[in-house]
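Chemist: what shape does this take:
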Amino acid sequence: MKTLLNHPWQVCWQALFVFMGAGLMAGSYAAAGEQKLNDFDGDRKADLILYNSTNGLWSFRLSSMGYSVGQITFGGLSYTPVAGDFDGDDQADMALYCQTNGNWLVRLSGLGYATTLSATLGGIGALPVVGDYDGDNKADPAVYSQSNGMWQVRFSGSGYALATTSFGDFNYLPATGDFDGDGESDLVIYNRTNELWVFALSSDGYTPQYTSLGIAGSLPVCDDFDGDGEPDLALYSQTNGNWSLRLSCAGYALINTNLGGVDWAPVAGGDFDGDGRADLTVYNRTNGLWLFRLSSNGDVPISVFFGGAGDRPLGSPAGSSWERYAGSPVVYPDFEITPGGAWSMATGDPSVFYDEQERKWKMWFSTAWAEGTNGRVGIKYAESADGKNWIIQDGLCLGPTGNTNDWDATDADTPAVVKNPAADATRRYLLWYSGGNKMQRVIGASAYYQIGLAFSADGKTFARLASAESPYGKAGLALMVQDAFPAYPSVQDGVLTDPDVVLKDGVYHLWMSSIGLTATGEYVTAGMSYATSSNGINWIPSPTNPLPTLPRENPVALAVHPSVLWNQSQGYFEMWYQSDSDSELEQLPIKEAGMVGYWHAISLNGEEWINYYNQARDFTGDRSYPFESYNLMAFGKVVLKDGEYYMYYPAYGTNNVPFYLTSPMWAINLAIRR
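Modeler: Got it, this is the predicted structure:
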């Protein structure tokens, strides 16, 4: 503890945590600084623990009770499960952390799990990293903020005083363990991009030390796998299930083994046989299958079914990286627009969600074909049982009108689809789109897009908004650019495109790329714009449009191409979007509609955003993959399902190119973050 009072830590004495009160039980512990996270019954064997954030249900199988199944409700939406022995009685306690407001809830084993205690530490962007940082045999609440690399710890042995230090950034994932053997947990982060580990040891005044070990893109798991009382380093690859182990007893020489794979999450804190050595453990979040390699059983894998979709195992690492699906592209132009008609030339701009009622994935996407002088763009529909293998419907679900004088005569694309169970049965599905007429006007190679709206009963065939309902008296037309910039009355022309819509609490939230011009075509402003509506037809634009917190300043770049979701469990909006400078785009093989990568931002209200421009992009194109061997294209959609993110992103690639196209091909790929 004394070393934490020295530079670079800053200790701030604040009000005591409420779980400082009477009733906390002291107890012996095997090794200070090392927390046996998953031992809830104190028998020195890890227990199987699951938490479901949808309903707050904890499910457990305790080793001392023959692994019979028990359940208790504690928590709910917005909470993440964490574990540690907060009262020092040699049994893990139930704890929850809310990333929205930094609220902690704890039920202590020493109090019979009967009383809920609370505290505040962290908040948006901060990940929980529980450890025994002061060596008093009690877990200390701690968080690591990816936005600025700040660590915050409250020490149980010092009245829960707050200490802070900073190192790391968005590319790093936190871990902890007593690496110097002084009885106090140390601070550890791992860079998922460049394989760099950073250790801040308590015995060294928490001065960061750097070393490069492991495989880029893997998840860090620190535990004592060799039973020598010192934590070992392990990296788990979500792509192929490879474990890269560096054991302290072997001088941290590299050992590789395999357990798990694409659908599996690693579980830390698992000495399931009680021999003092952590066992390799993975959990399948799709079907609830656990796999163990018990060190006392010759590392022979054993399995058990326990849990299912929506359940999260206690001990799964905080954060993860995007893993590209090897079967990409998942949707590509190898079909006729209509039976016997023109062939598709490209696929992109996906709008995707999982329909819980029908138990299937649904996708709407843009497709282009040769027709007339400028070609045509329309919208197709597809379904999938697993989000990876898609069946494309014959024909278009919405196409351009083809009528010379219509505002959307040649282009109907970039769909954003919402299913509203409370809407009229004939309007259960709402589809917003970018409409344009290249026969009349173009800006560069694109139409002067505006935002349209169409309805459907089944999501497969859509009818445009009637002209009598349109604010502009034109079928389909829902929002024009002159109404998108309240602070710029000189905007009378321009472009609205790339809509994305979220329905939350009966309100439709719309984000879109926007360019404002005067009536004579002079530039006024551009960027990401935002509006809300109670019916999806009549929109109230933000008075701050274009949103001021999203553009980059160094280098200068607009924010465009949004994909937005509401993270119910965390209580905020998440956005992925493009913000590439001219000099960055110049480096791309194909510049038109090209992208370097996707930035990530979060917001509590959809209008004011926290960006991470001081860090790296959340996802960057990788030309080593054949399905994106040229570069990424205008962005698609991110879906959050059962705690996992599915990113459907367009790119120019060279595999699965149909016979009638020459390489490269514009198609839709998939990456998953678990």
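Chemist: my read: residue 392 touches residue 333, true?
Modeler: No: if you go by C-beta atoms under 8 Å, residue 392 and residue 333 don't touch, sitting 10.1 Å apart. No exception for glycine: its C-beta is placed from N, CA and C like everyone else's.
Chemist: higher neighbour count, these two?
Modeler: Between residue 392 and residue 333, counting by other C-beta atoms under 10 Å, residue 333 is the more crowded of the two (24 against 18).
Chemist: using the three-state scheme, assign that one.
Modeler: Secondary structure assignment for residue 333 (DSSP: H, G, I helix; E, B strand; the rest coil): coil.
Chemist: kindly state the pLDDT recorded for the closest residue to it other than its chain neighbours?
Modeler: The shortest distance from residue 333 to any non-neighbouring residue, by C-beta to C-beta, 6 or more residues apart in numbering, is to residue 344 (3.7 Å). Residue 344 carries a pLDDT score of 93 in this model.
Chemist: residue contacts, residue 344?
Modeler: Residues in contact with residue 344 (C-beta atoms under 8 Å, 6 or more residues apart in numbering) are 333, 334, 335, 336, 337, 367, 368, 369, 380.
Chemist: now do residue 572
Modeler: Residue 572 makes contacts with 100, 124, 566, 602, 603, 604, as judged by C-beta under 8 Å, 6+ apart.
Chemist: any chance of CSV for those residues, columns distance to residue 188, pLDDT and secondary structure?
Modeler: Converted to CSV, those look like this (distance: C-beta to C-beta, whole Å; pLDDT from 0 to 100; DSSP: H, G, I helix; E, B strand; the rest coil):
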residue, distance to residue 188, pLDDT, secondary structure
100, 26, 74, coil
124, 23, 75, coil
566, 32, 96, strand
602, 25, 90, strand
603, 30, 93, strand
604, 30, 91, coil
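Chemist: who wins for neighbours among the residues you listed?
Modeler: Within the contacts of residue 572, most neighbours by other C-beta under 10 Å means residue 603, with 21 neighbours.
Chemist: where in the stretch 1-150 of the chain is pLDDT low?
Modeler: Along the stretch 1-150 of the chain, the parts satisfying pLDDT under 70 run over 1-37, 147.
Chemist: now the strands for it?
Modeler: Assigned by DSSP state E, counting those that start in this stretch, the strands in the stretch 1-150 of the chain fall at 10-12, 48-52, 57-61, 69-73, 79-84, 93-98, 103-107, 116-120, 126-128, 142-145, 150-155.
Chemist: separation between residue 302 and residue 581?
Modeler: Per C-beta to C-beta, to the nearest Å, residue 302 is found 53 Å from residue 581.
Chemist: likewise residue 603?
Modeler: As judged by C-beta to C-beta, residue 603 and residue 581 stand 23 Å apart.
Chemist: same thing with residue 224?
Modeler: Counting by C-beta to C-beta, the gap from residue 224 to residue 581 is 47 Å.
Chemist: more neighbours: which of those two?
Modeler: Set residue 224 next to residue 581 and count neighbours by other C-beta under 10 Å: residue 224 wins out with 22 against 14.
Chemist: that one contacts residue 233, correct?
Modeler: No: counting by C-beta under 8 Å, residue 224 sits too far from residue 233 to count as a contact (11.0 Å).
Chemist: pull out the buried positions in stretch 487-499.
Modeler: For stretch 487-499, a neighbour-count test (16 or more other C-beta atoms under 10 Å) marks 488, 491, 492, 493, 494, 495, 496, 497, 498, 499 as buried.
Chemist: how about stretch 359-372?
Modeler: Within stretch 359-372, the residues that count as buried by 16+ other C-beta under 10 Å are 361, 362, 363, 364, 365, 366, 367, 368, 369.
Chemist: what's around the closest residue to the fifth one other than its chain neighbours, how many residues?
Modeler: Nearest non-adjacent residue to residue 365, counting by C-beta to C-beta, 6+ apart: residue 350, 4.4 Å away. If you count neighbours by other C-beta under 10 Å, residue 350 ends up with 29.
Chemist: go on, residue 375?
Modeler: So residue 375, with other C-beta under 10 Å, has 15 neighbours.
Chemist: and for residue 430?
Modeler: By other C-beta under 10 Å, 25 other residues sit near residue 430.
Chemist: next, the buried residues of the helix or strand where it lies.
Modeler: Following DSSP states H and E, the helix or strand that holds residue 430 is strand 429-436. By 16+ other C-beta under 10 Å, the buried positions in strand 429-436 come out as 429, 430, 431, 432, 433, 434, 435, 436.
Chemist: and those as TSV, adding distance to residue 135?
Modeler: As requested, these are exported to TSV (distance: C-beta to C-beta, whole Å):
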residue	distance to residue 135
429	58
430	57
431	59
432	57
433	60
434	59
435	65
436	66
